[in-house]
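Trainee: the sequence isn't on hand, but the structure is:
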């Protein structure tokens, strides 16, 4: 299944004892639709509290045989209003795994750059009021491209086996009062995108130099990078899979603006 959700009301993807995870709500809805014990789900990328997803991909096993569109409409009938199945596929190869079969993942961070904090966009965008130089942002981003040990941008709670990842692209564009960061990598560490965005902003607003970011990356020391930036503007666009699985590509836009 492809799932979209606003993360504002949830404590992240992963199931929690209090039932506040996106996974908890999805599995309850699946159980109600199936009329049986809910199946256990696995996702392509676990999101944190208040982080959104447009193309989260989830897999599970079920004995129920239904048309794909029946799964979409049926499960959505039991989901909260800020969560919805976008598509479903049945009969995939047993080799498919939502996380392990993905060869890359995409994230987008939407930042409101304005003297005044957001109101209608509250919970949906990050915010900074400090001056920003897009040329400095883009130059700094180039420092991070390629295969590196990203330990300096890794949460202490990260469970990844290796901090070495390949960052394929960071595209930065301005749209009026908004600055949009698009990141694509083979995989991401816990808090990696938010730590990168926070560090790029430190260079973009002039408080840190271009050489500082290169030194932070080389140091592999999380204490030297900028603080983890706010989660509100982060969107998991989704994973890319080999064409053999026939799954949709991640969405390339958010709402009406991006």
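Mentor: Ah, there it is. Owing to the predicted nature of the structure, the values given are computational and were not obtained by experimental measurement.
Trainee: buried residues in stretch 65-74, which are they?
Mentor: Within stretch 65-74, the residues scored as buried using 16 or more other Cβ atoms under 10 Å are 71-72, 74. For glycine as for every other residue, the C-beta is placed from the backbone atoms N, C-alpha and C.
Trainee: how deep is residue 28 tucked in, by neighbour count?
Mentor: 15 (other Cβ atoms under 10 Å).
Trainee: next, it: secondary structure please.
Mentor: Secondary structure, DSSP: H, G, I helix; E, B strand; the rest coil: residue 28 is helix.
Trainee: residues in contact with the spatially closest residue to residue 133 that is not a sequence neighbour?
Mentor: Among residues not flanking residue 133 along the chain, residue 204 sits closest, at 5.6 Å (Cβ to Cβ, 6 or more residues apart in numbering). Neighbour list for residue 204: 132-134, 136-137, 140 [criterion: Cβ atoms under 8 Å, 6 or more residues apart in numbering].
Trainee: closest one to residue 107 out of those, please.
Mentor: residue 137 (16.1 Å; Cβ to Cβ).
Trainee: not counting its neighbours along the chain, what's nearest the closest one?
Mentor: Counting by Cβ to Cβ, 6+ apart, residue 137 lies nearest to residue 204, which is 4.1 Å off, once chain neighbours are set aside.
Trainee: quick one, helices of this protein?
Mentor: Ranges of helices in the chain, per DSSP state H, are 22-34, 68-76, 134-144, 192-204, 210-219.
Trainee: ok, which of these comes nearest residue 42?
Mentor: Closest to residue 42 of the helices of the chain, according to Cβ to Cβ: helix 22-34, at 9.2 Å.
Trainee: how about that closest one: buried residues?
Mentor: Per 16+ other Cβ under 10 Å, helix 22-34 contains these buried residues: 22-27, 29-30, 33-34.
Trainee: try stretch 44-62
Mentor: 44-59.
Trainee: list the contacts for residue 112?
Mentor: By Cβ under 8 Å, 6+ apart, the contact set of residue 112 is 118, 121, 125-128, 177-178, 233.
Trainee: measure it to residue 122 for me?
Mentor: 10 Å (Cβ to Cβ, to the nearest Å).
Trainee: let me see the mean pLDDT of stretch 211-230.
Mentor: Average pLDDT, stretch 211-230: 97.
Trainee: ok, residues contacting that stretch?
Mentor: Counting by Cβ under 8 Å, 6+ apart, 109, 126-127, 140, 143-144, 148-156, 163, 191, 194-195, 197-203, 208 sit against stretch 211-230.
Trainee: in it, what's buried?
Mentor: Buried-residue list, stretch 211-230, by 16+ other Cβ under 10 Å: 212-213, 216-217, 222, 225-226, 228-230.
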